[in-house]
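Novice: Mind looking at a prediction? Sequence and model below.
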Amino acid sequence: MVTAPRGPERTDPAGDALAVVDADGTLTGWSEGARLLTGHTAAEVTGRPAAELVDGDPAGAWRTLCAGGEATVPLRHRDGRRMDITLRACPVRGEQPGYVVTTAAKNPAEPEGVLMGAAFQQASMPMYVFDTEQRYLRLNDAACRVMERSEAEVRHRYYPDTVDDAGFLRHLRMVVESGRPVRYESRTTAPSGRSAHAWIIEMWPVRDSSGELIGTALAALDSSEQYLARQRLAILNESADALGTRLDVSHTAEELATLVVPRLADCATVDLLDSVLQGEEPPMGAVGGDAKLCRVAHRSSLGAPGAESGTGVGAAESHPPTSPPMRALASGGVVLARTGTPDVDEWLARRALHHPGLRAWLGHELSLMAVPLVARGTTLGVALFARALTPGRTVPFGPDDVSLAHELTSRAAVCVDNARRYTRERTTALALQRSLLPQDISGQVAVEFASRYLPALSQAGVGGDWFDVIPLSGTRVALVVGDVVGHGIHASVTMGRLRTAVWTLADVDLPPDELLTHLDDLVGHLATDESGSAAEIAATCLYAVYDPVARRCTIASAGHPPPVVRLPDGSVRTVEMSAGPMLGVGGLPFEATEIQLPEGSLLVLYTDGLIEGRELDVDSGLRALCAALAAPAESLDALCDTVLRSCLPDRPSDDVALLVARTEALHEERVAVWDMPADPAMVATARQHTIEQLARWGLEEVSFVTELVVSELVTNAIRYGGAPIQLRLIRDNSLICEVSDASSTTPHLRRARTYDEGGRGLLLVAQLTDRWGTRPNRNGKTIWAEQSLPPEG
């Protein structure tokens, strides 16, 4: 703090007017009070006759004064006006006799001056007068109460010697230097250090009749109540934006603790019921004494830096019924408490053992306030606020603090409840969705695949993205990816229904375009069943069937982004195809696209959240995806991770499903094909071909069953189907026998009567094989049967 230079020490009281007159009537002394009263300085009047200051004949008044009485003397002020002043003279004896003339204690002739002095002294606000050197000249009674000192204790003392307030001193000097009034607002502690106030201080220059600046006066308005009200209003306004920024229970609790420290409290903790954190439904109304609390937020301005360490979420704890938090939970209202009582001190000490961040509370006299977190009639937890009663803040929590804390915790409780409800719904939807996604796809060798599913991290909730890998007959495989419009449980349930429908239609072995047509009809029926409007449910879907024997992939899309292919030579391209209408539109056809995929090609299926992940347009997203796929990767899983890192932001705003499949191929040595005419004599030939081929494969153990199956299927094809007829044997993890004919009629099992000559063939096939079925093809149909192979070795 910069200290102003001191002026010369005064030896006369500035508040009294005093003059010294010698025996000849000449002025030999003149006080500062006399200067303030008359405007004449000591240099102007000393050595001059006192009579020159009297307006009229002074003889009569002088005789009265010399006789020891009081007399009203008309004096001339320096500015020329007349003043009637009551004076008293006191003789001085010695080598230089004379008189000391002073103003009388009471001056009936000066009622206006008395009134003004009384008004200053009795003003309800503190008022001060300083000289130009920032030394005290006058203080009224209110100022003495604030200073907690008498006027005599501080008069003529330099301001910084009494109060350490550099801002106040700077503004005092500013008035002297500029000669203009200033306003100063401050929040300071009284010199005693036992109370704090907010002040609005008006300072103005004081000038004499000649216009010379002779001091500074000020009046201070105690605006503590208005300041605190503004602070409370500011906290409430800030809480609208500061609370509930994320749908996260712990984060919202941290926001509440951060908001109130240090403006309302020196320390704050937020404890939530264990049932809230476990996802259970919290109780309605007051909470019993057996409730368990978990601390989820802690904030403190007490203690040394780093005291916040070790204050993470703790395990569930029980508290004694006499503790402030449990009393607040039991009553449903705010509870105020103070340290110094055995129950509170013992509870705080025991709690500090489990939570190191609370140890800084110990050793302080604290005012405590426990406020229950209640939203929509549901009790969620309790917030505990603590205020250290140190010098400068002696006031414990009061009614205004209770009102503010109640409002803040009510808002925070609503945000916590919203986060709890959202978390519970999202967890349920995510669990439902993950249960509907494929867990383990075995029994197919057409592709090697890896997949990723990422739920959105935004507040939109879980969406309806899904993917599937469905084994089909003839070692073929169906790759599916889809997206239900919307988020939440409804989208997840709709996704599950569509996925089930796709599996059912795939089991019928429909071509991709026909499958999407049936799926589109189903979506229309689902929407009509729920609300009577076919626009309530909308979804996209891409369905691809890969045949490892022909190495051909047939793809159809219902409003879904096209797949991306990376060929074995490293080139990457987007499949050109017709997107088709979204599911649920109805009445529009779907088109299938066929592409050849060499062995080792990558077929990449995805949902739109991947290519729109960084708020890019679709074309830019596709280019980013192609660039990521072109990068080398050790495995399909590593490639999936590379794609997600390259295409997605840190917090995706939409769900993402990604399916990457590497194509395999069944070579000629594992497939045998024979074309034959519709001649019953060819049945024996077909059996012979089968026996020979099984011998070449070393599968003589299954030749008897296979020969029977081939005989029955070829006989049915010749008898009911007609040419062209084809027999195909495929050796994979199992042995597959396929017979194609020109008929589109689908056979079915039936029970033959005793005397029927036919009708037992398919029943025999079903009994001898593991699975059998039929599928349409370009020229008719194919009946297939699959049987297990004995383990090798």
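Specialist: Happy to help now that I have it. Residues are numbered from 1 along each chain as shown.

Novice: Could you identify the helix or strand that succeeds the worst-scoring helix or strand of the chain on mean pLDDT?
Specialist: Sorting the helices and strands of the chain by mean pLDDT, DSSP states H and E puts helix 111-122 at the bottom, at a mean of 68. Next helix or strand after helix 111-122 toward the C-terminus (DSSP states H and E): strand 127-130.

Novice: tell me which strands and helices that next one is in contact with?
Specialist: strand 136-139, helix 141-147, strand 213-222 (3 or more Cβ pairs under 8 Å, 6 or more residues apart in numbering; DSSP states H and E). Quick note: C-beta positions are derived from backbone N, CA and C, even for glycine.

Novice: how does it look with 7 Å?
Specialist: If contacts are counted by 3 or more Cβ pairs under 7 Å, 6 or more residues apart in numbering; DSSP states H and E, strand 127-130 sits against strand 136-139, strand 213-222.

Novice: Now mean neighbour count and mean pLDDT too, for these, in JSON lines please.
Specialist: Listed next are those as JSON lines, based on neighbours: other Cβ atoms under 10 Å; pLDDT from 0 to 100:
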{"stretch": "strand 136-139", "mean neighbour count": "21", "mean pLDDT": "90"}
{"stretch": "strand 213-222", "mean neighbour count": "19", "mean pLDDT": "90"}
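
Novice: Would you convert those into CSV that also reports distance to Val20?
Specialist: Output for the helices and strands packed on strand 127-130, formatted as CSV (distance: least, Cβ to Cβ, whole Å):
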stretch, distance to Val20
strand 136-139, 22
strand 213-222, 23
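
Novice: Out of the ones you listed, flag the one nearest Gly722.
Specialist: Minimum separation from Gly722 across these (Cβ to Cβ) falls at strand 213-222, 108.7 Å.

Novice: so where do the strands sit in the stretch 1-150 of the chain?
Specialist: 18-22, 27-30, 70-76, 82-92, 98-103, 127-130, 136-139 (DSSP state E, counting those that start in this stretch).

Novice: remind me which residues of the stretch 351-500 of the chain are low pLDDT?
Specialist: Within the stretch 351-500 of the chain, the segments meeting pLDDT under 70 span 354-358, 360-361, 390-394, 429-430, 432-444, 457-463, 488-489.

Novice: Please enumerate the strands of it.
Specialist: 366-375, 378-388, 447-454, 463-471, 477-487.

Novice: Mind putting the ones you listed into a markdown table with mean neighbour count?
Specialist: As requested, the strands of the stretch 351-500 of the chain are exported to a markdown table (neighbours: other Cβ atoms under 10 Å):
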| stretch | mean neighbour count |
| --- | --- |
| strand 366-375 | 24 |
| strand 378-388 | 25 |
| strand 447-454 | 18 |
| strand 463-471 | 23 |
| strand 477-487 | 24 |
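
Novice: Serialize the ones you listed to TSV and add fields for distance to Ala297.
Specialist: Converted to TSV, the strands of the stretch 351-500 of the chain look like this (distance: least, Cβ to Cβ, whole Å):
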stretch	distance to Ala297
strand 366-375	11
strand 378-388	9
strand 447-454	29
strand 463-471	31
strand 477-487	29
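
Novice: Nearest to Pro205 among the ones you listed would be which one?
Specialist: Short answer: strand 378-388, nearest of the strands of the stretch 351-500 of the chain by Cβ to Cβ, at 41.3 Å.

Novice: Which other helices and strands does the closest one contact?
Specialist: For strand 378-388, the packing partners by 3+ Cβ pairs under 7 Å, 6+ apart come out as strand 267-273, helix 324-331, strand 366-375, helix 399-436.

Novice: Restrict that strand to CA atoms and write it as CSV.
Specialist: Coordinates of the C-alpha atoms in strand 378-388 are reproduced here as CSV (Å, rounded to 0.1, in the frame of the first residue of the first chain):
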residue,chain,number,x,y,z
THR,A,378,-39.4,-38.2,-5.0
THR,A,379,-36.5,-37.9,-2.6
LEU,A,380,-33.1,-38.4,-4.3
GLY,A,381,-30.5,-37.4,-1.7
VAL,A,382,-29.3,-34.5,0.4
ALA,A,383,-26.9,-31.5,0.0
LEU,A,384,-24.9,-30.3,2.9
PHE,A,385,-23.5,-26.8,3.0
ALA,A,386,-21.0,-25.5,5.6
ARG,A,387,-19.9,-22.0,6.4
ALA,A,388,-16.8,-21.3,8.5
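
Novice: Cheers, nothing more for now.
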